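Let's see this in three dimensions:
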Amino acid sequence: MSELAAVPAHDDLDGVRPPPLVPALHGRAEAWRELTSAFRSGRMHHAWLLQGERGIGKATTAFAFGRYALGGPDAMADGEASDPVAFRMDAAAVRQIAQGSHPGFFHLGRPASERGEGFKTQITVDEVRRLNQFFQSTAGGTWRIALVDPADDMNRNAANALLKTLEEPPPRSVFLIVNHMPGALLPTIRSRCRVLRFEPLESRSLDRIVRDELPDTSEADRLAAVRAAAGRAREAFLILTSGGLEIEAQAERLYRAETADWVAIHGAADALVQRGREAAWALFRDALLGRLAEDAKRALADDQPLRAERFASFWQGETARWREAAAYNLDRKQTILTFFQKLQALRQRSEGPGAIVR
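Predicted structure coming up:
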């Protein structure tokens, strides 16, 4: 039997199996029970919002449920109640879902770019129309599952088109809507969904996931990546495949410096914006934003609400700005320099009572 290959997606990582090819679901027992119990009960809600940080297993859970609902017992390796939930990757439904050929499963994501390689930066209304054609062209007597991955990438027209479908859902249909940032989703879409919240993975589950995907990684590097990834499998993979341990150390050094080291900052920015270093740039971004979040939480725990509010506000604004820079291919070096300029100004405002604790 030929090796199973999945339909390429915009967020695939080199050397790491994408969600359609992951053979086991680790660390998601609670979400799995909620989905499968509702399905077995015959009172399955038509729309589920899988909400949580990026890279913690939401899409993997969605694909796993698709296999379960459409493949039945033949798709399961050890039964639905096992932990982790394991699948037979040679089962017909599992293979068809991965290859994008199952008549009952539709994966809605960013479309391929019409100019050369890569993918578009948004999910457009044309893609949602393809979803509607899927429901019109498949039999209504069987279950049909649509995965929107992620809803954050839909432009306004696409979101409104999806909303219309959710308002009058086809019979025996299930929408699994992945959402990384709650603020990026139309409230009217959220109001029509049953929310399934995902927390970062526990270290034990994340460690096993990393061992399964990258078995040749040394124990020391694996454990360091698991600690730095804070429960996010995608982050752990990026750390181990894109020089992330060094990037983490560099981000820590530049962020925690008493005064901004502009020579070092310029050097880091020049290296990170080189062609082919998109993953490294994203790791650097996540490392900086993660430290902002840590400072905000620490200030709140130390009963310094003003400092906590400043850092939380800065984190929110920078998260949006870096995301926009990636989406619209803005000047990435300037994005880095502006971050440190703003960080320095924030620290100057925080001198005296409420100053940063290092």
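
all helices of the stretch 51-200 of the chain, in order?
Ranges of helices in the stretch 51-200 of the chain, per DSSP state H, counting those that start in this stretch, are 58-71, 92-99, 125-137, 156-167, 187-190.

So which of these is nearest residue 333?
Comparison of the helices of the stretch 51-200 of the chain against residue 333 by C-beta to C-beta identifies helix 156-167 as nearest, at 30.3 Å. (C-beta placed from N, C-alpha, C; glycine too.)

is it true that residue 50 lies in a strand?
Yes - the assignment for residue 50, made by DSSP: H, G, I helix; E, B strand; the rest coil, places it in a strand.

Can you name the residues bridging to it?
With DSSP bridges applied, the residues forming beta bridges to residue 50 are residue 178, residue 196.

who are the neighbours in contact with it?
Listed by C-beta atoms under 8 Å, 6 or more residues apart in numbering, the contact set of residue 50 reads 31, 58, 59, 61, 62, 176, 177, 178, 179, 196, 198.

pLDDT below threshold where in the stretch 151-300 of the chain?
Low-confidence regions of the stretch 151-300 of the chain, defined here as pLDDT under 70, do not occur.

and if we set it to 90?
With pLDDT under 90 as the threshold, the stretch 151-300 of the chain has low-confidence stretches at 181-184, 228, 230, 241-244, 248, 258, 275-280, 282-283, 286, 290.

What is the neighbour count of the residue nearest to residue 244 when sequence neighbours are not counted?
For residue 244, ignoring the flanking residues on the chain, the nearest one in space by C-beta to C-beta, 6 or more residues apart in numbering is residue 283 at 4.9 Å. The local packing of residue 283 (other C-beta atoms under 10 Å) involves 25 other residues.

In TSV, list the contacts of residue 50 along with neighbour count and distance to residue 289.
Rendered in TSV, the data for the contacts of residue 50 read as follows (neighbours: other C-beta atoms under 10 Å; distance: C-beta to C-beta, whole Å):
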residue	neighbour count	distance to residue 289
31	23	25
58	27	19
59	25	22
61	25	25
62	27	26
176	26	27
177	28	24
178	25	20
179	24	18
196	22	25
198	21	19
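
Now flag whichever of those is closest to residue 325.
Relative to residue 325, and with distances defined as C-beta to C-beta, the nearest of the contacts of residue 50 is residue 179, at 21.3 Å.

hang on, the closest one packs against residue 149?
No - with contact defined as C-beta atoms under 8 Å, residue 179 and residue 149 do not form a contacting pair (9.7 Å).

most centrally placed residue in the protein?
Most central in the chain under C-alpha atoms, centre = their mean is residue 54, positioned 2.4 Å from the mean C-alpha point.

and residue 248, which of the helices of the stretch 51-200 of the chain is closest to it?
Residue 248 lies closest, by C-beta to C-beta, to one member of the helices of the stretch 51-200 of the chain: helix 58-71, at 23.9 Å.

Packing partners of the closest one?
Judged by 3 or more C-beta pairs under 8 Å, 6 or more residues apart in numbering; DSSP states H and E, the packing partners of helix 58-71 are strand 24-25, helix 29-41, strand 47-51, helix 92-99, strand 144-148, strand 173-179.

could I get these as CSV with distance to residue 186?
Conversion of those to CSV gives the following (distance: least, C-beta to C-beta, whole Å):
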stretch, distance to residue 186
strand 24-25, 29
helix 29-41, 23
strand 47-51, 11
helix 92-99, 27
strand 144-148, 12
strand 173-179, 11
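
Touching, the residue nearest to the centre of the chain and residue 184? I think so.
No - proximity of residue 54 to residue 184 does not meet the contact threshold set by C-beta under 8 Å, at 11.3 Å.

what touches both of those two?
With C-beta under 8 Å, 6+ apart as the test, residue 54 and residue 184 reach no residue in common.

what element comes up after the host helix or strand of residue 210 heading to the C-terminus?
Element membership of residue 210 [criterion: DSSP states H and E] is helix 203-213. Downstream of helix 203-213, the first helix or strand assigned by DSSP H and E is helix 219-229.
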